[in-house]
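# Dropping a prediction and its sequence here:
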Amino acid sequence: MTSLILVLIISAQRPGATFLLIPPSAKATGMAYAWTAIADDASANYYNAAGLAFIKRPSLTVSYFKVLPGLHPEMPYLYLGAVQVINGQYIGFDMIYFSPGKTQPVIEIGINLGEYTVYRMAIGSNYARKFSDFFSLGLGCKLIYAHLVADWVWEKMPELGIDIGGTGISYAFDLNLLYKIKPYLSMGLTLHNVGPDISYTESGSSDPLPLLCRLGLSGKLFEFENLSMTLSTEMTKVLEGMFANTDNSFGENMRYEFKEAWKAVGMELKSYKILALRTGYFYDCEGDRKGWTFGGGINVLNLEIDVGIDEQIFYFETQSRKLSLTYTF
């Protein structure tokens, strides 16, 4: 589990709830996660809720995959996202479930006390409003829950001096913006996970949430009746722990933080609005993640089936493939 946290985020302070940094959409994964300025399906609840205001019909997105099976074979991740249009109001809901797997507590004399599943969840709602045909804002809130230790563990280990606990709880807000500068050019800006530290009931300790800022640009390179190509770029920065080196000047810290930001460029080629091919390049200097991503999808009878592959960005061998289904009503 330590390795997973390291490849997700490295900062001066140790954030909690790092599962919030795992991107869920197969579409976005195929384009190296550069999705903030696109956000045109129900996964906009995760990437940029302001995009909900440009979705014309209700839709549902489901994603499922195993997180980095090269590290551990059983770390399932499930994402559900939905958008509903009610009297011109754009409402979104989403849920994340992630489990690092099962654990078996063992006391000093080597006795296995049993087995339980560790998991994290986040349930959120979003509201988006379109202020013009080109500009929208989105506001989201989410409840975050982490189940770390089963209650029966404390009963079997009274020497710890803890009667009950083993959970972490917090909440957070997301701020989102989408601006269609031109019919063929869009900009997205988000600030996610703004909230109090996640507190753990078993010890009273807490960790800061992974405060995240994304800036993206997306444009149509060309669009004909039966063929189009989209280019998207994005920079992502985990704000927790910024400017930690007090010996550096402001300029030196800014250059360092820019260097350490995650950078991505993605491309999508779509034919007849039915078939899609995607690729992208992702670069994370500090986390040692860099490489190409790939994906594709098919859209038939309002059902989109998409696959995203990002296994090449990791420095260890893994088989990271994501599957997403999107249905438009």
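Structure's in. What do you need?
# From what I see, residue 95 and residue 120 are in contact.
No - if you go by Cβ atoms under 8 Å, residue 95 and residue 120 don't touch, sitting 11.6 Å apart. Every C-beta, even on glycine, is put in place using the N, C-alpha and C of the backbone.
# List the buried residues of stretch 192-199.
Of the residues in stretch 192-199, 192-195, 198 count as buried by neighbour count, 16 or more other Cβ atoms under 10 Å.
# Residue 95 and residue 120: who's more crowded?
The neighbour count for residue 95 versus residue 120, taken as other Cβ atoms under 10 Å, is higher for residue 120 (23 against 15).
# The more buried one is in contact with residue 16, isn't it?
No - using Cβ under 8 Å, residue 120 makes no contact with residue 16, being 9.4 Å away.
# who touches both of those two?
Jointly contacting residue 120 and residue 16 under the rule Cβ atoms under 8 Å, 6 or more residues apart in numbering are residue 146.
# what helix or strand does the nearest residue to residue 121 once chain neighbours are set aside sit in?
Among residues not flanking residue 121 along the chain, residue 145 sits closest, at 4.8 Å (Cβ to Cβ, 6 or more residues apart in numbering). Secondary structure assignment for residue 145, by DSSP states H and E: strand 135-147.
# distance between that strand and the chain's centre?
Computed by Cα atoms, centre = their mean, to the nearest Å, the chain-centroid distance of strand 135-147 equals 12 Å.
# Buried residues in it, which are they?
So for strand 135-147, counting by 16+ other Cβ under 10 Å, buried means 135-138, 140, 142, 144-146.
# do the same with stretch 53-70
53-55, 59-69.
# Any chance of these in a markdown table with secondary structure and pLDDT as columns?
Below are the buried residues of stretch 53-70 laid out as a markdown table (DSSP: H, G, I helix; E, B strand; the rest coil; pLDDT from 0 to 100):
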| residue | secondary structure | pLDDT |
| --- | --- | --- |
| 53 | helix | 96 |
| 54 | helix | 96 |
| 55 | coil | 95 |
| 59 | strand | 96 |
| 60 | strand | 97 |
| 61 | strand | 98 |
| 62 | strand | 98 |
| 63 | strand | 98 |
| 64 | strand | 97 |
| 65 | strand | 97 |
| 66 | strand | 95 |
| 67 | coil | 94 |
| 68 | coil | 90 |
| 69 | coil | 89 |
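# And the residues you listed, which is closest to residue 153?
Nearest to residue 153 among the buried residues of stretch 53-70: residue 67, at 24.1 Å, using Cβ to Cβ.
# can you pull the contacts of that closest one?
4, 22, 75-77, 98, 320.
# Any quick ChimeraX command for the buried ones out of these?
Those of the contacts of residue 67 that count as buried under 16+ other Cβ under 10 Å are selected in ChimeraX with:
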select :4,22,75,77,98,320
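# now the contacts of residue 67 in CSV, with secondary structure, distance to residue 305 and pLDDT?
As requested, those are arranged in CSV below (DSSP: H, G, I helix; E, B strand; the rest coil; distance: Cβ to Cβ, whole Å; pLDDT from 0 to 100):
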residue, secondary structure, distance to residue 305, pLDDT
4, helix, 27, 38
22, coil, 21, 96
75, coil, 23, 93
76, strand, 19, 96
77, strand, 18, 98
98, strand, 22, 97
320, coil, 18, 88
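# Hmm, residue 261 and residue 283 touching each other?
No - applying Cβ under 8 Å as the test, residue 283 and residue 261 come out as separate, 9.3 Å apart.
# Looking at these two now, which is surrounded by more residues?
Higher neighbour count among residue 283 and residue 261: residue 261, with 19 against 15, using other Cβ under 10 Å.
# hmm, back to that, pull the most distant pair out of the contacts of residue 67.
Greatest spacing in these, by Cβ to Cβ: 98 and 320 (14.1 Å).
# Which one of the contacts of residue 67 is nearest to residue 171?
Closest approach to residue 171 among the contacts of residue 67 (Cβ to Cβ): residue 98, at 17.5 Å.
# excluding its backbone neighbours, what's nearest that closest one?
residue 19 is the one closest to residue 98 (Cβ to Cβ, 6+ apart), at 4.3 Å.
# Kindly report the same for residue 152.
Once flanking residues are discounted, residue 152 sits nearest to residue 114: 7.0 Å by Cβ to Cβ, 6+ apart.
# any idea how far residue 302 is from the one you found?
Counting by Cβ to Cβ, to the nearest Å, the gap from residue 114 to residue 302 is 46 Å.
# In this structure, which helix is the longest?
Scanning the chain for the helix with the most residues, using DSSP state H, yields helix 250-260.
# What strands line up against whichever helix or strand comes after it, and which way round?
Sequence order places strand 262-271 as the next helix or strand after helix 250-260, per DSSP H and E. When pairs are called by DSSP bridges, strand 262-271 turns out to pair with strand 227-238 (antiparallel), strand 275-284 (antiparallel).
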